[in-house]
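Trainee: 3D, please:
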Amino acid sequence: MFRVVRTLFVSIFAFALAIPCVSSQQAQDPGPAPAPQKLDKETKRKMKRTLKELDSSYRQWLTEDVTYIISPEERNAFLQLDTNEEREQFIEQFWLRRSSNPDLPDNDFKEEHYRRIAYTNEHYASGIPGWKTDRGRMYIMWGPADEVESHPTGGTYDRPMEEGGGSTTTYPFETWRWRYLEGIGENIILEFVDPSGSGEYHLTMDPSEKDALLHVPGAGLSLMEQMGMASKTDRFTRSDGTNLPTAMGGTPASMNEFSRLELYAKVNKPPEVKFKDLEAVVTSRIVRDQLHFNWRTDYLKVTNDTVLVPVTIQIPNSQLSFQSKDGIHSATMNIFGRVSTLTGRVVQTFEDPVSRDFPDSLYQQSLKLQSIYQKAVPLRPGLYRLDLVIKDVQSGNIGVVNSRLQVPRYEDEKLEASSLILADQIEHVPAKQIGSGQFVLGSSKVRPRLEGDFTTADRLGIYLQIYNLKPDDKTHKSSGTFQFTVKKGDQIVPGMQFTLTTEEMKQTGDQVTIERLLPLLSLTPGKYKLEVNATDTLSKQTISRSAEFSVKAPAETKTAVNAAPGR
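Mentor: Predicted structure coming up:
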């Protein structure tokens, strides 16, 4: 199918990545490549200042680590970023765009790239680091050649007929041949010569440059020169950039000066990025917040070592691009999410295409609504990074979020509680749907109201789990009380405080799930706070959770509707 984001994010995260979007996906046709953006003088001056002022690690990354493989557009984008956080996001998406499988924790392209740098430094150094040499540059960009013909001391050389034939003596040289290079073609041959004998081979377009007898009169003659059909001085009157002897039968197409110039230009150009879909994510680091969306994470205990983390995303329908066909207005989003450790190891990813379809009669009304999506991921307690990318398929607009994710640890022998979720919908699901699907927590469907905006016509959904209630030694039943209080400012709202017990709820185990729908008809418009205090009457422990919400007149709020999976 497709992939959202990842990267990210991109060509971002990143930046016309942008998001990223991310990739072992089947790539969508990116269409014609956009024309390079022309930079004004002020932007160029700012980029020069930025390069000088970059922290050493970012400057080294740009001017050494990826200098041969970063495209001009990416380089310009990187130098227009303002913060180190954006640069970190860009670098992450830069590697993701080039990975063959961005879902894997280890980036194969990145690992291979740094392996190549290490190899060139070990094998091609010659007074300068190996990565700075021409052989090092070609090796880093295109990888090891399929065939290498090496002449480390030069010596006698029998020219092929396309180079004029005959024998001569050469400087040290190497010929590298690739059977195929993507974006260039088949049977690619490059030649490197060391005329100084210093060990520093340089890439040449002129096959005669390795001829050590080129400037020695009467030495190293070609076949036609030996037969008196050509003069060695003719070599220095050629206009094709070489000093080759005249070849019998004419010059083959492979030796044509324009073919050689084209090849030279192509091999010096950064290799094409495999996954064009991530370019959007890279750009989003510069054009940020093209799509505005709300999101939240909640935490519910599964086991002592596992926490269920529902990630909920909500986006206004008015920000989506709808297309009309046969009386139906349709919009599609690609949603990508990734949870990774602070060291960069990916522990969870998710991605979905989600669609919204409305008939003509409901289209204008639908633009006032919001679409909501949720993915629940199990995680171990700890500190993570959460990356979210949303891409509007029709417009290409992208929204990106990068956030710290602290998954709590639920201790034994201690009264604990899940997140307090304020919902606009709480209902039981059929047995076959228990524990699966969007918004399903256990046996109930709980749809959060992200902004906490309700109307007087709504009922406030309250969902909370309490853990580690102590059982009675004799009855083996727990005993707890749960007090609910609605406040406006510091004042308790009359009639909006009540208490429930485990006995009334008919839940007497060590875990209790609170599900309540609280009518709001008696509340006046304004901002409120819900407090829930849970007390274990046997262990005398108490834990509290609170959440703010607002109440408006019915016409003032925007209802959320489920974002259905894409077709």
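
Trainee: can you confirm S57 is in a strand?
Mentor: No - counting by DSSP: H, G, I helix; E, B strand; the rest coil, S57 is located in no strand; its state is helix.

Trainee: can you list contacts of stretch 209-218?
Mentor: Residues from elsewhere that reach stretch 209-218 (C-beta atoms under 8 Å, 6 or more residues apart in numbering): 154, 157, 168-171, 173, 191, 193, 195, 204, 208, 219-220, 232, 235, 243. From N, CA and C alone the C-beta is placed, and that goes for glycine too.

Trainee: Sort out which of those residues are buried, if you could.
Mentor: 154, 157, 168-171, 173, 191, 193, 195, 204, 208, 220, 232, 235, 243 (16 or more other C-beta atoms under 10 Å).

Trainee: can you pull out the strands in the stretch 401-550 of the chain?
Mentor: 416-417, 421-428, 440-441, 444-448, 453-455, 459-467, 480-488, 491-501, 512-519, 526-536, 541-552 (DSSP state E, counting those that start in this stretch).

Trainee: In contact with L523, which residues?
Mentor: L523 touches T456, V486, V493, M496, V551, counting by C-beta under 8 Å, 6+ apart.

Trainee: From the structure, what's the count of residues near P270?
Mentor: Neighbour count of P270, defined by other C-beta atoms under 10 Å: 16.

Trainee: Quick one: residues contacting it.
Mentor: Taking C-beta under 8 Å, 6+ apart as the test, what P270 contacts is Y68, I69, I70, S71, M141.

Trainee: which of the buried ones among the contacts of stretch 209-218 sit farthest apart?
Mentor: E191 and K232 (21.3 Å; C-beta to C-beta).

Trainee: Report how far apart the opening and closing residues of stretch 295-302 are.
Mentor: End-to-end distance for stretch 295-302, by C-alpha to C-alpha, to the nearest Å: 22 Å.

Trainee: Flag every buried residue along it.
Mentor: Buried-residue list, stretch 295-302, by 16+ other C-beta under 10 Å: W295, T297, D298, Y299, L300, K301.

Trainee: Looking at the contacts of P270, which two lie furthest apart in space?
Mentor: Of all pairs in these, the most separated under C-beta to C-beta is S71 and M141 at 12.2 Å.

Trainee: ok so, going back, could the contacts of P270 go into JSON lines alongside secondary structure and pLDDT?
Mentor: Below are those laid out as JSON lines (DSSP: H, G, I helix; E, B strand; the rest coil; pLDDT from 0 to 100):
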{"residue": "Y68", "secondary structure": "coil", "pLDDT": "93"}
{"residue": "I69", "secondary structure": "coil", "pLDDT": "92"}
{"residue": "I70", "secondary structure": "coil", "pLDDT": "91"}
{"residue": "S71", "secondary structure": "coil", "pLDDT": "88"}
{"residue": "M141", "secondary structure": "helix", "pLDDT": "92"}
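
Trainee: Counting neighbours, which of those comes out on top?
Mentor: Busiest of those [other C-beta under 10 Å] is Y68, holding 21 neighbours.

Trainee: Tell me how far that residue lies from P270.
Mentor: 7 Å (C-beta to C-beta, to the nearest Å).

Trainee: list the residues that contact both of those two?
Mentor: M141.

Trainee: Find me the pLDDT at the residue nearest to Q226 when sequence neighbours are not counted, would you?
Mentor: Of all residues not flanking Q226 in the chain, G166 sits nearest, at 6.2 Å (C-beta to C-beta, 6 or more residues apart in numbering). pLDDT, G166: 90.

Trainee: Check the gap between G166 and D357 for me.
Mentor: For G166, the distance to D357 - C-beta to C-beta - is 75 Å.

Trainee: and those two? which has more neighbours close in?
Mentor: A count of neighbours by other C-beta under 10 Å puts G166 above the other of G166 and D357, at 18 against 15.

Trainee: The more buried one is in contact with L221, isn't it?
Mentor: Yes - judged on C-beta atoms under 8 Å, G166 makes contact with L221 at a distance of 5.5 Å.

Trainee: tell me, what's touching the two both at once?
Mentor: With C-beta under 8 Å, 6+ apart, G166 and L221 have common neighbours P245.

Trainee: what separates K488 from G399, distance-wise?
Mentor: 34 Å.

Trainee: Using the centroid of the protein, identify the residue furthest from it.
Mentor: Distance from the C-alpha centroid of the chain peaks at G228, with 65.4 Å (C-alpha atoms, centre = their mean).

Trainee: Assumed that one was part of a helix.
Mentor: No - according to three-state DSSP, the state of G228 is coil, so it is not within a helix.

Trainee: Can you give me the pLDDT of it?
Mentor: 85.

Trainee: quick one: the closest residue to D55 other than its chain neighbours and E53, what's the gap?
Mentor: In space, and not counting its chain neighbours, D55 is closest to N84: 6.8 Å by C-beta to C-beta, 6+ apart. In this view, N84 and E53 are 12 Å apart by C-beta to C-beta.

Trainee: of these two, who's got more company?
Mentor: The neighbour comparison of N84 against E53 (other C-beta under 10 Å) goes to N84, with 12 against 9.

Trainee: My understanding was that the more buried one contacts S57; is that so?
Mentor: No - the pair N84 / S57 is not scored as a contact, 9.2 Å apart, by C-beta under 8 Å.

Trainee: Contacts only, for E548.
Mentor: G452, K527, Y528, K529, L530.

Trainee: now, among the residues you listed, which is nearest to S321?
Mentor: G452 (28.1 Å).
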